[in-house]
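K.L.:
Build me a structure from this.
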Amino acid sequence: MKPLYAEQGYGRYREGLLLILCLGLSACASAAPPAVSCPSSEFAPFLRQFSDPASAKVRQRFTADPLEYEVPTHTVRDDVEGQPATQVELKTGDARMRLFPYRHLKQFDLFVPEDVSHDPVALKSMVAGTFNAPVQIEPSEGGGYNVTFGMEYEADTYSFARRQGCWVLTRATNLRD
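P.N.:
Numbering: from 1, shown residues only. The predicted structure is shown next:
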């Protein structure tokens, strides 16, 4: 004896419902945003893309979480006597994203602080070729790179390492007072 739902066509209804459900789930899965791929295996083009104003997703994907943040001890503690000169904090989530405020402006081939990238006076200097934005890229131990923006006592240094086939920002160092 057949069950009642089989005689009344419920079997086909159930199969159709399962088919629609499966198709819907696969459509949802395929609608997920694509993973951000490594912009370049070479460091210089990677850094330009990482710093591009429109590349927030690249910075998000290729910034370590947690990110090491090195600062002078006196900026985070009152009792500095007997303490090391610098202290490393671990920044996670969105807090780590605020620690790389430099942008590469393609039209000038310059790395500048993010706030300067919108400043009309600074942009005028860039057009005239008189804007000074020093950047040093130096190899570091283990095959990575240290990138220093600014000069002398006004410098920030960012360390990048090769991880899982791409470059990753692993440390931000701000030793200014």
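
K.L.:
Only C-alpha atoms from now on, for both contacts and neighbour counts.
P.N.:
Fine.

K.L.:
wait, Gln83 sits on Thr73?
P.N.:
Yes. A contact is recorded between Gln83 and Thr73 when judged using C-alpha atoms under 8 Å, the distance being 7.4 Å.

K.L.:
more crowded one of those two?
P.N.:
Neighbours were counted for Gln83 and for Thr73 using other C-alpha atoms under 10 Å; Thr73 has more, 19 against 11.

K.L.:
so His104, which of the three states?
P.N.:
Each residue gets one of three states, and His104 gets strand by DSSP: H, G, I helix; E, B strand; the rest coil.

K.L.:
where along this protein do the strands fall?
P.N.:
In the chain, the segments counted as strands under DSSP state E are 63-72, 86-91, 102-105, 110-113, 135-139, 145-149, 156-163, 166-174.

K.L.:
Now Arg61. Nearest residue, chain neighbours left out?
P.N.:
With C-alpha to C-alpha, 6 or more residues apart in numbering as the measure, Val36 is the residue that lies nearest to Arg61, at 6.9 Å, once sequence neighbours are left out.

K.L.:
since we're on that neighbour, how many residues are nearby?
P.N.:
Using other C-alpha under 10 Å as the criterion, Val36 is surrounded by 12 other residues.

K.L.:
From His104, how far off is it?
P.N.:
Val36 sits 19 Å away from His104, taking C-alpha to C-alpha, to the nearest Å as the criterion.

K.L.:
Break down this protein into its helices, ranges please.
P.N.:
4-7, 10-30, 43-50, 56-61, 93-97, 120-128 (DSSP state H).

K.L.:
Those helices: lowest mean pLDDT?
P.N.:
Among these, helix 10-30 carries the lowest mean pLDDT, at a mean of 44.

K.L.:
Check what pLDDT Pro33 gets.
P.N.:
For Pro33, the model assigns a pLDDT of 50.

K.L.:
Let's check: the centremost residue of this protein is which one?
P.N.:
Centroid check for the chain by C-alpha atoms, centre = their mean gives Arg59 as the closest residue, at 1.8 Å.

K.L.:
If you drop the residues flanking it in sequence, what lies closest to that residue?
P.N.:
Nearest residue to Arg59 in three dimensions, chain neighbours excluded: Phe50, at 5.6 Å (C-alpha to C-alpha, 6+ apart).

K.L.:
List the residues that contact that neighbour.
P.N.:
Residues counted as contacts of Phe50 (C-alpha atoms under 8 Å, 6 or more residues apart in numbering) are 39, 56, 58-59.

K.L.:
Out of the residues you listed, which two are the most distant from each other?
P.N.:
Among the contacts of Phe50, the pair separated by the greatest distance (C-alpha to C-alpha) is Pro39 and Ala56, at 12.6 Å.
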